[in-house]
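Asks: Build me a model from this:
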Amino acid sequence: MAPRTLQLSSKRVAHYLEQGSGKPLVLIHGVGMQAEAWYPQIDALSRDFRVIAVDMPGHGKSAPLDAHANLPQFVQWASEFIEALDAGPVNLAGHSMGSLIAAGVAVTRPDLVRRVAVLNGVYRRTVEARRAVLDRAAELRAGTVDIDTPLRRWFNQDDAQQAAAQRVESWLRAVDLQGYATAYTAFAKGDDTYADGWHEIACLALVLTGADDPNSTPAMAAQMAHAARNGRAVVIEDERHMVNLTAPEAVNRALRAWLQVEPDIETMKLEV
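Replies: Predicted coordinates for the structure are as follows:
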């Protein structure tokens, strides 16, 4: 993976990893992670595509946004990044917070998006679920970082899952606290920011989650896919929130199927 940087129109620097050649696939990770969190997808999909995994603002080596930035500012940043790539419309995929950003770009800048994929995305949380994530965001802003709880929530005790958990733990321990808190607050408040815009998404939209993800639920995936003009939901059984790391082969098959269908075809079948 080749590390690269781009100067954005906002004068911020975006850091990303690039591998492969062909049509561009841009990947945006979740809160607390970094571009490397897409390593199973970079390795597999770069055989046929130009894979570009970018560090979210305030994560990895990308410059942060203002401490009070909300989801629209992250969406604007992603739009600037895609424009700076100067590669035309891209295939755009996001995980968790990255999926909120990807969906926001698809709604607000459809000219930049050839296809969109939302992995473990959230959509119109319940009042109780929103209160829980807002409480966690407040703890982060106060300087309290709880790493063990999300690791227990995201991974089981299987050896393969624990190997992925160790990498995730290293990224959570390395992340800049202010960048983490800013992104998590935007994530906590952002589940309905572009919810009404899903019906405007005309490009091919893949919405994927794990059957056992209590926060990015299969019901949410079905609602998003139904709202989009050309959406399809894929639910991977026995998987949780970090599905791209814990079920990489199934996720890569779904992504490859999404990538290989021409956007003007109105129906498709995703085999996982």
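
Asks: Would you mind writing the CA trace of stretch 218-228 as CSV?
Replies: The C-alpha trace of stretch 218-228 is given here as CSV (Å, rounded to 0.1, in the frame of the first residue of the first chain):
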residue,chain,number,x,y,z
PRO,A,218,-30.6,-5.5,9.7
ALA,A,219,-33.8,-3.5,10.0
MET,A,220,-31.9,-0.3,9.4
ALA,A,221,-30.2,-1.8,6.4
ALA,A,222,-33.5,-2.9,4.9
GLN,A,223,-35.0,0.6,5.4
MET,A,224,-32.0,2.3,3.7
ALA,A,225,-32.0,-0.1,0.8
HIS,A,226,-35.8,0.2,0.3
ALA,A,227,-35.6,4.0,0.4
ALA,A,228,-32.9,4.2,-2.3
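
Asks: Now do that stretch: distance to the chain's middle.
Replies: Between the centre of stretch 218-228 and the centre of its chain there are 16 Å (C-alpha atoms, centre = their mean, to the nearest Å).

Asks: Stretch 123-139 now?
Replies: Taking C-alpha atoms, centre = their mean, one finds stretch 123-139 lying 18 Å from the centre of the chain it belongs to.

Asks: before we move on, what about stretch 21-41?
Replies: Relative to its chain's centre, stretch 21-41 lies at 8 Å (C-alpha atoms, centre = their mean).

Asks: Go through it and flag the buried ones.
Replies: 23-41 (16 or more other C-beta atoms under 10 Å). Heads up, the C-betas are built off the backbone N, CA and C, glycines and all.

Asks: what's the span of that stretch, first residue to last?
Replies: Distance across stretch 21-41, first residue to last, is 14 Å (C-alpha to C-alpha, to the nearest Å).

Asks: Equivalent analysis for stretch 182-196, please.
Replies: Start-to-end, stretch 182-196 (C-alpha to C-alpha) is 24 Å.

Asks: Then stretch 211-221?
Replies: Using C-alpha to C-alpha, one end of stretch 211-221 lies 10 Å from the other.

Asks: what residues does it touch?
Replies: Residues outside stretch 211-221 that contact it (C-beta atoms under 8 Å, 6 or more residues apart in numbering): 96, 99, 118, 120-125, 129, 133, 153, 207-210, 233-241, 243.

Asks: what's the answer for stretch 165-180, then?
Replies: Residues outside stretch 165-180 that contact it (C-beta under 8 Å, 6+ apart) are 31-34, 36-37, 56-59, 64, 67, 140, 143, 145, 147, 150-151, 154-155, 242, 245.

Asks: related to what we said a few turns ago, derive a PyMOL selection command for the buried subset of the contacts of stretch 211-221.
Replies: Buried members of the contacts of stretch 211-221 can be picked out in PyMOL with the line below, counting by 16+ other C-beta under 10 Å:
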select buried, resi 96+99+118+120+121+122+123+125+129+133+207+208+209+210+233+234+235+236+239+240+241+243
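
Asks: among the contacts of stretch 211-221, which are in strands?
Replies: When DSSP state E is applied, the contacts of stretch 211-221 are split such that 118, 207-210, 233-236 fall in strands.
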